[in-house]
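What would the 3D arrangement of this be:
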Amino acid sequence: MDYSELLEKYNLLLSENSRLIKENGRLKAQLGITKRKPSENRVAESTTKKNMLDAEPTDSTSFSDVNNTSDSISKIKLFMSLFKGRDDVYSKKWENKKKATSGYSPVCLNQWQVELCGKPKTPCSKCANQLYAALDEHVIENHLRGSIVAGIYPMLIDETCHFLAMDFDEAGWQDDVTTVREVCAEFDIPVAVERSQSGNGGHLWFFFEDRFPATLARKFGSAILTFSMHRRHEIPFKSYDRLFPSQDTMPKGGFGNLIALPFQKSARKNNNSEFVNESLESYSDQWAFLSSIQKISEDRIENLTKEFCHGHELGVLKIDEEDTQKPWETRQPVSLQKGDFPKQIDIVKANMLFIPKSNISQRALNRLKRLASFKNPMFYKHQAMRLSTYGHPPIISCADETTDYLCLPRGCELDLFTELEQYGIDAHLIDKTHCGKKIDVEFNGHLRDEQPLALEQLLHHDTGILSGTTAFGKTIVAIKLIAERKVNTLILVNRVSLLEQWQDRLSEFLVINETLPEIAITAGKKKGRKKKTSVIGQLGAGKKALNGIVDIAVMQSLSRKGEVKDCVKDYGMVIADECHHASAFSYESILKTTNARYIYGLTATPTRKDGHHPILFMHCGPIRYRDNAKKQAEKRPFDHYIIPRFTSLRIPLNSDEKDVSIQELYSAVVDNNTRNQQIVEDVLHSYKRGRNCIILTLRTAHVELLAKKLSEEVPDVVMLMGGMGSKTTREIFKRITDTPADKNLILVATGSFIGEGFDEPRLDTLFLAMPISWKGTLQQYAGRLHRLFMDKKEVQIYDYVDIHVRMLERMYQKRLTGYALMGYKAKSEDIMSASLDIIFDKDSFLPVFSNDLAGTKKEILIVSPFVRKRRSMQMIQHLRIALDKGIRAIVVTRPAEAFKAKDRIALQRVLEVLKNNDISVVFKSNIHQKFAIMDQKIVWYGSINLLSYGSAQESIMRIESANIANELIKSIESP
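Just a heads-up that it's a prediction; the model follows:
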């Protein structure tokens, strides 16, 4: 499912969780149950002091009379009544004076004890000897007296909190804080403003009458920020990421983010770490101010959140062009008026779109800024998976700003003018892009198939993306584009191998009737043997020879320490190859800097796994032409097959799969001798049959291991991976190129090294030695086989299905969808394929599946972890012909104990329906496989729950193989 669907389901779960927390609290209150504090189980240091501090304050306790002259006990109790986080753990600040670094770490009583502490090799979260110190009155006293600097974790174990804090530390933080404070005053919201320890930022604190779910507190904070941005559009989107708590859920193995407690003694010497008034000056009596703070009720928080935002708390943002809006969703209206803008706006188009801010209201500027901002799917993915969201802000913005101008990426041009048009604004575009210099070039070739259509679409626009599968000929179209535009061009690549490919293609397909400037010739001369200077310039791979005609540059060579070289402004056209990498900061910086008249992008996979592809569209423009991968497969003169190979890989019996990370699973894949031997035998079998093989994995250790095993049987096995050095890499590529056509190849490589930019048309067999899930990566891998080559009649992908490991099996099910999109058919390795052995989606499989059911002669086995009455009734209709003939039908599903109590009655009814129709039901705990087998030969296997429902992206393959049928049956018979 995409991130918007994931977010929708996640929010439903949060609502249910909030309701249960409230109900739990209400029942505990009725029973008189209160939470025991961990500190109550610890030995007191001093009986006298313990008695003095024993009285724990409650929310009803009054501290209205506490001031600077009050005793320490009263101050500590007041402090702890406000700054309430987890009390079973806290953090302490550390400093490394030699390295001039500092930070916070949880205080562990076993820290640095040789026999107990595993640091730095073992992180605290995975240490078996954790013994965290409690946050109690003594810790607070030490903090206030300056002997330590303490930080607290706002989110409690049950994902609730007692307060919300906002952190502002960007330039202009004073104005940001003042704006939010004014909004709070307008709505009568109690807020306390603290100047940070450094004095270069501020914290806003909101204290609650009682703890309630962090998700509600964060929605409230986000809503205030969104509302405040209407008053001051300069408030950075990063502010959404500077809320405490920082996420709605507790990350696995962690405590959530921490915040430094105020009143840090050394900082107070400079009036920092203190609470300040509207003029940002410290209150004269800090304790009197604290004692006057009012707390906010949960009901009021909910009402205020609704009042601040009528839609999503993050406000209106750019909608992903790769996503479609759901019919039931409505866009949040933006209450702008014509008066928010001047009558006429002159927008300058250069490297970005420059919008003059004068006479545009704050809320209108905020709206325009959001045209270049979008929700970050990685934030919601990590939060839903209970991972830390550190480094993944909720919103990503590509907008910039100067004193006088709001700057949007050029790809936002259509959205910008559409927005202004609806308010009747007279908007003028002043084109200040660089037209470049004319060059005399001619195309030396012919376009084929859809290439002329793609070229035509690109020529109609100054910006845009060509999305074409591998072997579509994107490079050739781009060269023809250079010949048509006839302006000096800079080609951006992210790999040296791509640079070399472009040099070869340009030399072959572009006639450049230009001579090098004298300066370029002189600059290229060195002492010693003279070399011919190419008119095609190059930056990267050890060369610095940009000629200003047609140049190729490795993008890493154009940027240094965040600074982009000015030469990118000297071209009339920029072509970004593999432009899906444009979301990388250095690549994006180059596209933000160039002011070329024409900017185009080339890619086979415009959609990124991390969901950051809107960045690509904002800088290169929308997709102008996209080919169809399945139709391209039909046009190629060879067939496309996936050969599934089931492995015996399992999780160790003493391990719970839920606790095993994907990296640990990858390590298990590398170390599994049986699985590796299976791959080696398959490769050798294909090699001996005259096939050219490439084995792709994710780990260099796996490359070395497989290459070593293969080298024992076959000479000249080639390894390709990062870290070999440019000279060695060139030698290996030359060795591959020089291999005679009648000699078969075996390449073992990491996918990251060879997944894109590698071109060896002889390859016809891919072995997917390490599981992947993302369809874009799969397309890149499969693309290594799609180059045309003489006598290539079929390409094969051996896919290793780790059916006994739930996570890895789900990854295969996602790959199935990718194979279907690329036009691949499924077949067994040991038999010839049949016309029906193809991959289906949820809408197309049923007619063929029904025919197989009707043709069954002995037995039908359906394995479905979940069953639903409606789907089961539909399936019974398709089973009717077989059942009436006396064919045995068996359903394997999970037992009632595997389901929640509220679902068991419905399950029982479904089971009764199945049994009443003479269908046998067998229960197996923890099954996750989904398949059907007819007569122990015809196999339907994939992600579709045959007796339940799933997502729209599910798929299933049909294959005739007794071996695969046997493997699947064994997978559910095993413990």
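
Burial check on E859, number of neighbours?
If you count neighbours by other CB atoms under 10 Å, E859 ends up with 14. C-beta: built from backbone N, CA, C; applies to glycine.

To clarify, my last question referred to G942.
Residues near G942, counting by other CB under 10 Å: 24.

and what of the one 5 residues further on?
The burial metric for L947, expressed as a neighbour count using other CB under 10 Å, is 26.

What of Y641?
20.

For the remainder of this discussion, apply numbering that starts at 52.
Yep, numbering from 52; the last one is Y692 now.

In this structure it contacts Y875, no?
Yes. The pair Y692 and Y875 passes the contact test of CB atoms under 8 Å, sitting 6.5 Å apart.

between these two, what contacts are shared?
I848 (CB atoms under 8 Å, 6 or more residues apart in numbering).

the domain parsing of the chain - what is it?
120-141+187-359, 146-184, 393-482, 492-575+583-678, 684-877, 890-1024 (automatic domain parsing).

which intervals of this protein have sub-threshold pLDDT?
52-113, 371-385, 569-583, 704-705, 806-808, 880-888, 1002-1003, 1025-1026 (pLDDT under 70).

Mind naming the longest strand for it?
strand 253-264 (DSSP state E).

so after that one, what's the next helix or strand?
Tracing the chain C-terminally past strand 253-264 and defining elements by DSSP states H and E, one meets helix 265-280 next.

what's that following helix packed up against?
Helices and strands touching helix 265-280, by 3 or more CB pairs under 8 Å, 6 or more residues apart in numbering; DSSP states H and E, are helix 54-82, strand 211-219, helix 224-237, strand 253-264, strand 294-295, helix 349-359.

so what secondary structure elements neighbour the fifth one?
Right, the one you point to is strand 294-295. Secondary elements touching strand 294-295 (3+ CB pairs under 8 Å, 6+ apart): strand 211-219, helix 265-280.

Distance to A318 and mean neighbour count for these - can I get that in a markdown table?
As requested, the helices and strands packed on strand 294-295 are exported to a markdown table (distance: least, CB to CB, whole Å; neighbours: other CB atoms under 10 Å):
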| stretch | distance to A318 | mean neighbour count |
| --- | --- | --- |
| strand 211-219 | 15 | 23 |
| helix 265-280 | 24 | 24 |
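
out of the ones you listed, nearest to P393?
For the helices and strands packed on strand 294-295, proximity to P393 was assessed by CB to CB; helix 265-280 is nearest, at 20.7 Å.

Off-centre distance for the closest one?
Between the centre of helix 265-280 and the centre of its chain there are 23 Å (CA atoms, centre = their mean, to the nearest Å).

That helix to strand 253-264, inter-axis angle?
Angle, helix 265-280 to strand 253-264, by axes from the mean of the first three to the mean of the last three CA atoms, to 10 degrees: 140 degrees.

ok, residues contacting helix 265-280?
Contacts of helix 265-280 (CB under 8 Å, 6+ apart): 65, 68-69, 205-206, 210-212, 214-215, 217, 227, 230-231, 234-235, 240, 257, 259, 286, 290-291, 294, 296, 298-300, 349, 352-353, 355-356, 359-360, 364-366, 417, 445.

So in terms of bridging, what pairs with the residue lying closest to I805 once chain neighbours are set aside?
Nearest non-adjacent residue to I805, counting by CB to CB, 6 or more residues apart in numbering: L771, 5.5 Å away. Using DSSP bridges, the bridge partners assigned to L771 are A800.

quick one: L771 and T779, what's the gap?
10 Å (CB to CB, to the nearest Å).

so which of the helices and strands packed on strand 294-295 comes closest to I310?
Nearest to I310, of these and by CB to CB, is strand 211-219 at 5.5 Å.

can you give me the offset of that closest one from its chain's centre?
26 Å.

Likewise for stretch 845-853?
26 Å.

still on that earlier bit, need the helices and strands packed on strand 294-295 in CSV (columns: distance to V538).
Shown next, in CSV, are the helices and strands packed on strand 294-295 (distance: least, CB to CB, whole Å):
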stretch, distance to V538
strand 211-219, 45
helix 265-280, 40
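
Out of these, flag the one nearest Q337.
Shortest distance between Q337 and the helices and strands packed on strand 294-295, using CB to CB, is found for strand 211-219: 17.1 Å.

before we move on, back to that, count residues in the vicinity of the residue nearest to I805, would you?
20.

residues contacting it?
L771 is in contact with V754, T780, I783, L798, V799, A800, T801, F804, I805, F809, counting by CB under 8 Å, 6+ apart.

same thing but 6 Å
A800, F804, I805 (CB atoms under 6 Å, 6 or more residues apart in numbering).

name the element the second one belongs to?
This means F804. For F804, the enclosing helix or strand under DSSP H and E is helix 802-805.

Show me what counts as buried in that helix.
Neighbour counts over helix 802-805 (16 or more other CB atoms under 10 Å) mark G802, F804, I805 as buried.

Likewise for stretch 977-992?
978-986, 988-992.

Compute the first-to-last residue distance for it.
Its first and final residues considered, stretch 977-992 spans 18 Å by CA to CA, to the nearest Å.

gap between that stretch and the chain center?
For stretch 977-992, the distance to the chain centre is 32 Å (CA atoms, centre = their mean).

And stretch 683-695, by the same measure?
For stretch 683-695, the distance to the chain centre is 30 Å (CA atoms, centre = their mean).

Export it to CSV, keeping only CA atoms.
Taking Å, rounded to 0.1, in the frame of the first residue of the first chain, the C-alpha atoms of stretch 683-695 are listed here in CSV:
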residue,chain,number,x,y,z
GLN,A,683,7.8,-2.8,-24.4
ALA,A,684,8.2,-6.4,-23.3
GLU,A,685,5.8,-7.5,-26.0
LYS,A,686,7.8,-5.7,-28.6
ARG,A,687,11.1,-7.2,-27.7
PRO,A,688,12.1,-10.3,-29.8
PHE,A,689,12.5,-12.5,-26.8
ASP,A,690,10.3,-13.9,-24.0
HIS,A,691,10.5,-12.9,-20.3
TYR,A,692,10.3,-15.5,-17.6
ILE,A,693,10.6,-15.6,-13.8
ILE,A,694,11.6,-19.0,-12.3
PRO,A,695,10.7,-19.2,-8.6
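
For that stretch, buried residues please.
Under the neighbour-count criterion of 16+ other CB under 10 Å, stretch 683-695 has Q683, A684, R687, F689, D690, H691, Y692, I693, I694, P695 buried.

repeat for stretch 134-154
F134, K135, G136, R137, D138, D139, V140, Y141, S142, K143, K144.

again, but for stretch 943-959
The neighbour-count check on stretch 943-959 (16+ other CB under 10 Å) flags V943, T944, R945, A949, L958 as buried.

want to throw those residues into JSON lines with distance to R838 and secondary structure?
Formatted as JSON lines, those follow (distance: CB to CB, whole Å; DSSP: H, G, I helix; E, B strand; the rest coil):
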{"residue": "V943", "distance to R838": "44", "secondary structure": "strand"}
{"residue": "T944", "distance to R838": "46", "secondary structure": "strand"}
{"residue": "R945", "distance to R838": "46", "secondary structure": "coil"}
{"residue": "A949", "distance to R838": "48", "secondary structure": "helix"}
{"residue": "L958", "distance to R838": "52", "secondary structure": "helix"}
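
With that, I have no additional questions.
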